[in-house]
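Novice: After the sequence you'll find the predicted model.
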Amino acid sequence: MQNCLPVSLFPRRCTALLSFALLPLAAAQAQTTNSGTDKFAQLETMLPTPNAYRTASGAPGPEYWQQRADYDISVTLDDARQAVSGHETITYTNRSPDTLPYLWVQLDQNVLAKNSITATTEVGQLQDKMSFAALETLLPSFDGGFKIESVTGKDGKALHTVTNYTMMRVDLPTPLRPGQAFAFNVRWHYNVNGTRPRRNGWEYFPEDKNYLYEIAQWYPRMAVYSDNQGWQHKQFLGSGEFALPFGDYRVSITAPADHVVGATGTLQNATQVLSATQLKRLAAAKTATKPVLIITQDEAVKNEASRATATKTWKFAAKNVRDFAWVSSRKFIWDAMQIEQEGRSVLCMSYYPKEGNPLWGQYSTEVVAHTIRSYSRRTIPYQYPVAISVHGPIGGMEYPMLCFNPGRPEKDGTYSAQRKYGMIGTIIHEVGHNFFPMMVNSDERQWSWMDEGLNSFLEYLTELEWERTYPTRLGEPASIVEYMRTDKSLQTPIMTNSESVLQFGPNAYAKPATALNILRETVMGRELFDHAFKTYAQRWAYKHPAPADFFRTMEDASAVDLDWFWRGWFYTTDRCDLALESVKAYQPATGNPAVEKARQQQALAAAAPSISAQRNALDIAKTLVEGKPELKDFYNGFDPLAVTPADQQRYQAYLAGLSPEQQKRLGGPQYFYELALRNVGGLVMPVIVQLTYADNSQEIQTIPAEIWRKNNAQVTKVLVTQKPVISFVLDPFQQTADTDLSNNAFPRQPTASRFELFQQQQQTLPNPMQQATSPSQKPESPVGGTK
């Protein structure tokens, strides 16, 4: 044991001793005490048992299987009634080891039926003033459910069915054995939603009296039957999206002859439905370096006035997709640009009305192409021949090769920065969904985060590759702090069923995206994370992964134990709040009396006298000893800090007992700091410490989260430096989503904040484009041309 003197940072802590080798037993035990759940306990007891279908490594097993559903569909759009009617043949192939006595078919449009579970369980409160839209949620008048006309076998005979809200059971004439296929026919019709469009519907433009249709969930489609849960026939209530098997589609869409139709897949009869000019422009787009207009704005405006009575049938084919969506309108401007992606040609396209310009003409297709390139580099190459972005009534929704996006400028053609970047970010997000869940086909009905969260993380990376100063909303740890500060009663763990999630946006999108960014930047590092994330995408492309497959793959491909991370971020509502409660500073004593006693003299001289000593110097004119010198003895003249020969002898004897290495350690400048850390929020995280030295230089030290493994609540950590430290700050770059920065610094630092004064009624200001003083600074009015 060596005597230690405190350094100048914290002069009041002068009585502590530092031991290099011995620790009292009680202190050692305190560092190994956990109360409640051990946050480093392994997840194996919570995850499904590995088997021949799904392995412990997170990869598909040697006996992995999945079902297949192929569709041949004919559908007609009734523009006068805003209705869709169709008939289909579904060929379902049983690749499972099970014999199936019945099949389950999804009827998602029934969520808009008047008697739907969603309608009857709608919650809300009455207010003094209510909008018609709010009233519609309480008294729904629109009947949008499927009207099933018939379900028959290939022989035309009716099949027995039972409809349970958004699910329909089809009883088979004979059980479907492993390896067998069964084909059946469905005929149906329904009214297209326009009053409360969420994922599909129509928009009416009163100026030119036209409709724009974005059609999805429009046909009865097969439910997933899988190895890990059997039939996924949880009812569609509105939040938990879709779980669908892969298959090939042949779809014929009949619409008014003056409509332009876009869809999942490739157009099979282009020469029959496109003009020679359009075909020529489409061919030019395949070698262009910027978008080429297939239909110009002038041509679209002219077409708005048309009212064809005839129809035209557009035929599309799509291979190995899980779904199919389409759009139709007279109003569409159409542009395209082909890119090459790892040996594959991808035709990037956009459909939009003139109301979307100038934003859509300038950005949409470029964003589509950028997204395909960025995501392909980080996951798997984009596999499909087209990628389409459409502007209409839906504010962001994804389907294979086709997505619906917002971003409408003001009528004068101006727009705010928020509108511009909101549009670009949404297009990135929705096009990105081609990777999650369209190719890496997770179960959205059960786990929204597996596609929304992973996709939001990649959206964040792609936005920063679009523009260096892009105003990202998702991914940065500081952006999730406000949500994680909210009361726990208003939160649910990420691992919550999609229909039961509270605060859906933060929980399913922002929090998992932030968690992945923290894994990449702070816990694993970019190299390990990027490899593991790509490995997950490669393993589960065109398959049905579950959460355990993702968790296990990320660990398997990185050799990083992440159970503590999944447990904290995904299974709890704990928040990150690490506090630096105190710092004790020490410097080992040299043992040299000349050095140590001089240091003590300096400390005494620098110490401020107490208030009583200051006042006594004035109030007490003379003490008794000062008045009677005979009362003095040896100690009145003794200087305990004077160096004596005996001190020097003891020092030399001390040095003689040390090894050369120990003597060297005594001579060098070393400073020891004991940091007392507390986990206030409950979420264990790495401890990132910024040290600022007396010479104003700085250093960052990162301590892995395993520092909390023996005590999840509080630990002490000793840091050794070669220079004196004047301040310590935890998480200086806000890498961990720490929800309380006021306890992160020692000595404590004031937290800067501001407040804004405003009048009771604030007026809405024009956007910066509208405030531009020079007309040349404003964008051109929605343009036409024949680019």
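Specialist: Perfect, thanks for sending it.
Novice: Could you use CA atoms for every contact and neighbour count after this?
Specialist: OK.
Novice: what sits against the residue nearest in space to the middle of the chain?
Specialist: A centroid search over the chain (Cα atoms, centre = their mean) returns Ala513, at 1.9 Å, as the residue closest to the centre. For Ala513, the contacting residues are Gly453, Leu454, Asn455, Ser456, Phe457, Leu474, Gly475, by Cα atoms under 8 Å, 6 or more residues apart in numbering.
Novice: Of those, which is the most crowded?
Specialist: Using other Cα atoms under 10 Å as the neighbour criterion, Ser456 leads the contacts of Ala513 with 31 neighbours.
Novice: per-residue confidence at it?
Specialist: pLDDT, the model's per-residue confidence, is 98 for Ser456.
Novice: And for the one 3 residues further on?
Specialist: Predicted confidence (pLDDT) at Glu459: the value is 98.
Novice: ok, it to Gly425 distance?
Specialist: Counting by Cα to Cα, to the nearest Å, the separation of Glu459 from Gly425 is 7 Å.
Novice: is Ala83 in a bridge, and if so with what?
Specialist: Partner residues in beta bridges with Ala83, using DSSP bridges, are Asp78, Asn191.
Novice: Does it touch Trp188 like I think?
Specialist: No - taking Cα atoms under 8 Å as the definition, Ala83 is not a contact partner of Trp188, at 11.0 Å.
Novice: Of the two, give the one with the bigger neighbour count.
Specialist: When Ala83 and Trp188 are compared on other Cα under 10 Å, the one with more neighbours turns out to be Trp188, at 19 against 15.
Novice: which residues sit in contact with the closest residue to that one other than its chain neighbours?
Specialist: Computed as Cα to Cα, 6 or more residues apart in numbering, the closest residue to Trp188 that is not its neighbour in sequence is Ile148, at 4.4 Å. Applying Cα under 8 Å, 6+ apart, one finds that Ile148 lies in contact with Val186, Arg187, Trp188, His189.
Novice: 10 Å - rerun?
Specialist: Ser85, His87, Leu107, Thr163, Val186, Arg187, Trp188, His189, Tyr190, Pro220 (Cα atoms under 10 Å, 6 or more residues apart in numbering).
Novice: Phi first, then psi, for the closest residue to Thr93 other than its chain neighbours.
Specialist: In space, not counting the residues next to it along the chain, Thr93 is nearest to Ala181; the distance is 4.2 Å by Cα to Cα, 6+ apart. Here the main-chain torsion angles of Ala181 (degrees, to the nearest 10) amount to phi -120, psi 150.
Novice: returning to what we had before: let me see the confidence value for the residue nearest to Trp188.
Specialist: Turning to Ile148, the model gives it a pLDDT of 98.
Novice: I'd assumed it was in a strand, is it?
Specialist: Yes - according to DSSP: H, G, I helix; E, B strand; the rest coil, Ile148 belongs to a strand.
Novice: Quick check: the gap between it and Lys710.
Specialist: Taken as Cα to Cα, the span from Ile148 to Lys710 is 61 Å.
Novice: swap in Pro206?
Specialist: The spacing between Pro206 and Lys710, counted by Cα to Cα, is 67 Å.
Novice: just the CA coordinates of stretch 317-337, formatted as PDB?
Specialist: The C-alpha atoms that make up stretch 317-337 are tabulated as PDB, following Å, rounded to 0.1, in the frame of the first residue of the first chain:
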ATOM      1  CA  ALA A 317     -46.300 -10.200 -65.100                       C
ATOM      2  CA  ALA A 318     -44.200 -10.400 -61.900                       C
ATOM      3  CA  LYS A 319     -42.000 -13.300 -60.700                       C
ATOM      4  CA  ASN A 320     -41.300 -14.400 -57.200                       C
ATOM      5  CA  VAL A 321     -43.100 -11.500 -55.400                       C
ATOM      6  CA  ARG A 322     -45.300 -11.600 -52.300                       C
ATOM      7  CA  ASP A 323     -47.900  -9.100 -53.500                       C
ATOM      8  CA  PHE A 324     -49.100  -6.900 -56.400                       C
ATOM      9  CA  ALA A 325     -50.400  -3.300 -56.500                       C
ATOM     10  CA  TRP A 326     -51.400  -0.900 -59.300                       C
ATOM     11  CA  VAL A 327     -52.300   2.600 -60.100                       C
ATOM     12  CA  SER A 328     -54.600   4.200 -62.800                       C
ATOM     13  CA  SER A 329     -55.400   7.800 -63.800                       C
ATOM     14  CA  ARG A 330     -55.800  10.200 -66.800                       C
ATOM     15  CA  LYS A 331     -53.600  12.600 -64.900                       C
ATOM     16  CA  PHE A 332     -50.300  10.800 -64.900                       C
ATOM     17  CA  ILE A 333     -47.000  12.400 -66.000                       C
ATOM     18  CA  TRP A 334     -44.600   9.400 -66.400                       C
ATOM     19  CA  ASP A 335     -40.800   9.500 -66.400                       C
ATOM     20  CA  ALA A 336     -38.200   6.800 -66.400                       C
ATOM     21  CA  MET A 337     -34.400   6.100 -66.100                       C
END
